[in-house]
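[1] Curious how this folds, go ahead:
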Amino acid sequence: MTTSSRVLRFGPHTALALLLIVCIFAAIGKPAQPEEHPLPITLAWENDILTIHHSGIPGGKIDTWYLEAYCRAGSTDRKWEDSLISHETELLSINEERTVLKLRCTLSDGVTIDHVIRAVPDGVTLDLVARNPGNTPSLVHWAQPCTRVGTFTGTGSSVTNDKYAYLKRSFIFQDNDEEPDFMPTNPWAMEARYVPGQVWCPADVPRTDVNPRPLNPKAPSLGLIGCVSGDEKWILAMAWEPYQELFQGVIRCLHSDFRIGGLAPGEEKRIRGRFYLVPNDFSSLLAQYQGEFPDKKSR
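    Next comes the predicted model:
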């Protein structure tokens, strides 16, 4: 008995088709790889201005005078220039993606403050280390980043001559609830060494050590200040731990000003801050803030 065998032979087109089928099944079998999405936020710093770029917000950016001033205690009822400690800020580095930058402030008394500023999907984080390398105590108690919000709120100089039109879109929290208190709040202080403006001093900071502008009689219940965008799609808010004051200023600006509290010789202190740039949803903003600053829920 004889047997015969058949050998299958494939032409070049058939072989190519089989190869494609194998590749397709191999691809299906692989776990999906997450796509690389660039952050919506990038950073820049030049001439003492920190710029947060975001193409989705009105104006496409937020500028902050970073930093406007470092201050001594006893500033509430004193000439402003007598409260200042002079400083210089230098850019140490910025990464290629422009999402992480490092700054160093050097004060006239020798204190240094190193800043690591990072873009994150919902804003910016700031991590600071203040050091006193000298042999004498430093009198630096607090510092002022000044965030310009006119364009963001739709009340910039190209839209209105009213420098305080942005107040109606600006808020703090002062009633121990989760409802934002829009400005001008009730009560609203009117008298101070310098006017106008409004300062909110937290309960654990001496009321003698804040900006010499009208000081609100109520302490803020949360260490958060911010505003709603002109198109009502976004919220910008700022917070620090520890913080010295919340401040509505006179150049279409809002402040959350961070606290240092003096530095003994050789002492080092860490400070952290946050810019939130999020969709207009106050409940989500508060959940994020209270998760990151849990000890500030009742302050």
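[2] Tell me how many other residues crowd P187.
    Neighbour count for P187, taken as other Cβ atoms under 10 Å: 10. To be clear about C-beta, it is placed using only N, CA and C from the backbone, and glycine gets the same treatment.
[3] So what does the closest residue in space to it that isn't next to it in sequence look like in phi/psi?
    Leaving aside its sequence neighbours, P187 sits nearest to P217 (Cβ to Cβ, 6 or more residues apart in numbering; 5.7 Å). Here is the backbone geometry of P217 (degrees, to the nearest 10): phi -70, psi -20.
[4] wait, P217 sits on A189?
    Yes. Taking Cβ atoms under 8 Å as the definition, P217 is a contact partner of A189 at 6.7 Å.
[5] where's the nearest residue to G249 once chain neighbours are set aside relative to R252, distance?
    Leaving aside its sequence neighbours, G249 sits nearest to G197 (Cβ to Cβ, 6+ apart; 5.7 Å). Distance of G197 to R252, computed by Cβ to Cβ, to the nearest Å: 12 Å.
[6] Looking at the two, which is more packed in?
    The neighbour comparison of G197 against R252 (other Cβ under 10 Å) goes to R252, with 24 against 19.
[7] before we move on, which element is the closest residue to the more buried one other than its chain neighbours in?
    Spatially, and ignoring its direct neighbours in sequence, R252 is nearest to G150 (3.5 Å; Cβ to Cβ, 6+ apart). Per DSSP states H and E: G150 is located in neither a helix nor a strand.
[8] show me what contacts G150?
    Counting by Cβ atoms under 8 Å, 6 or more residues apart in numbering, G150 touches G156, S157, Y166, R252.
[9] quick one: which of those is most hemmed in?
    Greatest neighbour count in the contacts of G150, by other Cβ under 10 Å, goes to Y166: 26 neighbours.
[10] From S83, how far off is the closest residue to R193 other than its chain neighbours?
    Distances taken as Cβ to Cβ, 6+ apart place P212 nearest to R193, at 4.3 Å, with adjacent residues excluded. Noted for P212: a distance of 8 Å to S83, by Cβ to Cβ.
[11] Now the common contact residues for these two.
    Common contact partners of P212 and S83 (Cβ under 8 Å, 6+ apart): S75.
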